[in-house]
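J.: Coordinates only, no sequence provided:
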């Protein structure tokens, strides 16, 4: 049993930019040399989130629409009244989706469905540089 | 320290079918022989989700109503316009709830509240066969 | 590799009370003696949730407003009609946010953003005593 720590960076355009990070995660898993374990994919910060989706352009638009229903950009946020950075909706959306997802690793394979990709959603209202961390507990 | 991998299958009726999987998870935990660790419960795919709830018929209806508020079945989804499978709402609901939940395992006990059950919610718009994976990192 | 189990208690006022638990979690991580691993923060029960947020009073009000949009307190819940405890909205909110969040631990540091705190949200409709569990798989 061992712990592996990997990370990679990416640039986002913000505004619910949805980025498929499956390849980067899979490459880190392969380079870890771990065959069986738990894979934690995590983004630090309070305006980005990690989840999975069938990554195709239609659903990406649908996801943005759902985030807008949950936390519309145009309504009043007390966060904005205080800090004037205009990203109150970004914080709320990120807190709902969450900053991590965990996956089983079995016989060297990350268990994903055929049409399931790991995504980072950058909820912030401006382009950001993000770091994603992949932590594996396994053997 | 070791890794244990277990799994079980189940049939769902789709359409936000809510299935209590606490017993199956607990049996796998017991058969693992691990007393202390982290238990990851995970469903592959992009139209099913794992969370916990007090499993009683009233709340199950309430959960379906909340999912309908977040991602109504009857509105336009770009996913449906492209793929014509009619399950755009299923994907969005699954991405919001997430495909896993993790639990502490202490002295052989999975830490759940008295009225807390682990559930799989099948968001798809048709019956599905699902596999649930239980991955334990512990000793 | 080892497993560490820590816990702490806290009193909440319910009604979407948002409590910053970053200090308590960090202290348990420090006392674990583990430098690298996966840190699971978990609350048992079906009316409380764990997530992260920038902990400032504006966003806390905004989070409460978003929870009210998702699962308003004043609408009909079948759970309430059956059990008459009036907390149907509490259960639904907790199931959406989830009962855990996991964090990478690297070189003794819990990976959090500069303006990111770990929070417990007590969705129940009355004051509660809660226990939070911190389970670490690492070395």
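T.: Received, thanks. What you are looking at is a predicted structure, and each value in this text was computed from that prediction instead of being measured. Numbers count the residues shown, from 1 in each chain, chains lettered A, B, ... in the order given.
J.: Is chain C within reach of the lowest-mean-pLDDT helix or strand in chain A?
T.: Across the helices and strands of chain A, mean pLDDT, DSSP states H and E gives its lowest value to helix A:78-83, namely a mean of 93. Yes: Helix A:78-83 is in contact with chain C by C-beta under 8 Å from any C-beta of the partner chain, via A:78, A:79, A:80, A:81, A:82, A:83. Every residue, glycine included, has its C-beta placed from N, CA and C.
J.: Just name whatever secondary elements the next helix or strand after that helix is in contact with.
T.: Downstream of helix A:78-83, the first helix or strand assigned by DSSP states H and E is helix A:88-97. In terms of contacts (3 or more C-beta pairs under 8 Å, 6 or more residues apart in numbering or on different chains; DSSP states H and E), helix A:88-97 is packed against strand A:48-53, helix A:57-70, helix A:78-83, strand A:117-122, helix B:88-97, strand C:48-53, helix C:57-70, helix C:88-97.
J.: Just put these in a markdown table and tack on mean neighbour count.
T.: As requested, these are exported to a markdown table (neighbours: other C-beta atoms under 10 Å in any protein chain shown):
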| stretch | mean neighbour count |
| --- | --- |
| strand A:48-53 | 24 |
| helix A:57-70 | 20 |
| helix A:78-83 | 17 |
| strand A:117-122 | 24 |
| helix B:88-97 | 26 |
| strand C:48-53 | 24 |
| helix C:57-70 | 20 |
| helix C:88-97 | 26 |
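J.: Those: lowest mean pLDDT?
T.: Lowest mean pLDDT within the helices and strands packed on helix A:88-97: helix A:78-83, at a mean of 93.
J.: packing partners for that one?
T.: Short answer (3+ C-beta pairs under 8 Å, 6+ apart): helix A:78-83 packs on helix A:88-97, helix C:57-70.
J.: who wins for proximity to residue B:16 among the helices and strands packed on helix A:88-97?
T.: Nearest to residue B:16, of all these, is helix B:88-97, at 7.4 Å by C-beta to C-beta.
J.: Which residue lies nearest the spatial centre of chain A?
T.: residue A:50 (2.2 Å; C-alpha atoms, centre = their mean).
J.: quick one, what contacts the nearest residue to that residue once chain neighbours are set aside?
T.: Nearest residue to residue A:50 in three dimensions, chain neighbours excluded: residue A:101, at 4.9 Å (C-beta to C-beta, 6 or more residues apart in numbering or on different chains). With contact taken as C-beta atoms under 8 Å, 6 or more residues apart in numbering or on different chains, residue A:101 is in contact with A:40, A:41, A:50, A:51, A:52, A:118, B:98, B:99, B:100.
J.: sorry, back to before: now the residue nearest to the centre of chain A, which residues is it bridged with?
T.: Legend: beta-bridge partners of residue A:50 under DSSP bridges are residue A:120.
J.: Surely it touches residue A:100?
T.: Yes: at 5.5 Å, residue A:50 counts as touching residue A:100 under the criterion of C-beta atoms under 8 Å.
J.: hey, what's in contact with both of these two?
T.: A:41, A:42, A:43.
J.: Please report how far the last one lies from residue A:81.
T.: In this structure, residue A:43 lies at 27 Å from residue A:81, with C-beta to C-beta, to the nearest Å as the measure.
J.: And residue A:20, by the same measure?
T.: Using C-beta to C-beta, which is the criterion applied here, residue A:20 is 35 Å from residue A:81.
J.: same check, this time on residue A:107
T.: Distance from residue A:107 to residue A:81, by C-beta to C-beta: 53 Å.
J.: which residue packs closest to residue A:125, ignoring adjacent ones?
T.: Nearest to residue A:125 is residue A:87, by C-beta to C-beta, 6+ apart, at 4.5 Å.
J.: State the number of residues packed around the nearest residue to residue A:128 once chain neighbours are set aside.
T.: Nearest non-adjacent residue to residue A:128, counting by C-beta to C-beta, 6+ apart: residue A:12, 5.2 Å away. If you count neighbours by other C-beta atoms under 10 Å in any protein chain shown, residue A:12 ends up with 20.
J.: Settle this for me: residue A:12 is touching residue A:126, isn't it.
T.: No: if you go by C-beta under 8 Å, residue A:12 and residue A:126 don't touch, sitting 9.4 Å apart.
J.: coming back round to it: tell me which of the contacts of residue A:101 is nearest to residue B:68?
T.: Nearest to residue B:68 among the contacts of residue A:101, with distances taken as C-beta to C-beta, is residue B:98, at 18.5 Å.
J.: got a list of what the residue nearest to residue A:128 touches?
T.: A:19, A:48, A:120, A:122, A:124, A:127, A:128, A:129, A:130.
J.: How about residue A:39?
T.: A:25, A:29, A:102, A:103, A:104, A:105, A:110, A:134, A:135, A:136, A:138.
J.: could you redo the last one with a cut-off of 10 Å?
T.: A:4, A:6, A:25-26, A:28-29, A:32, A:101-105, A:110-111, A:118, A:134-138, B:40, B:135, C:38 (C-beta atoms under 10 Å, 6 or more residues apart in numbering or on different chains).
J.: Just the buried residues from those, in ChimeraX please.
T.: Remark: buried members of those, expressed as a ChimeraX selection using 16 or more other C-beta atoms under 10 Å in any protein chain shown:
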select /A:4,6,25,26,28,29,32,101,102,103,104,105,110,111,118,134,135,136,137,138 /B:40,135 /C:38
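J.: Among the contacts of residue A:39, which ones are in helices?
T.: A:25, A:26, A:28, A:29, A:32 (DSSP state H).
J.: pretty sure the first one contacts residue A:135?
T.: No: assessed by C-beta atoms under 10 Å, residue A:25 is found out of contact with residue A:135, at 11.2 Å.
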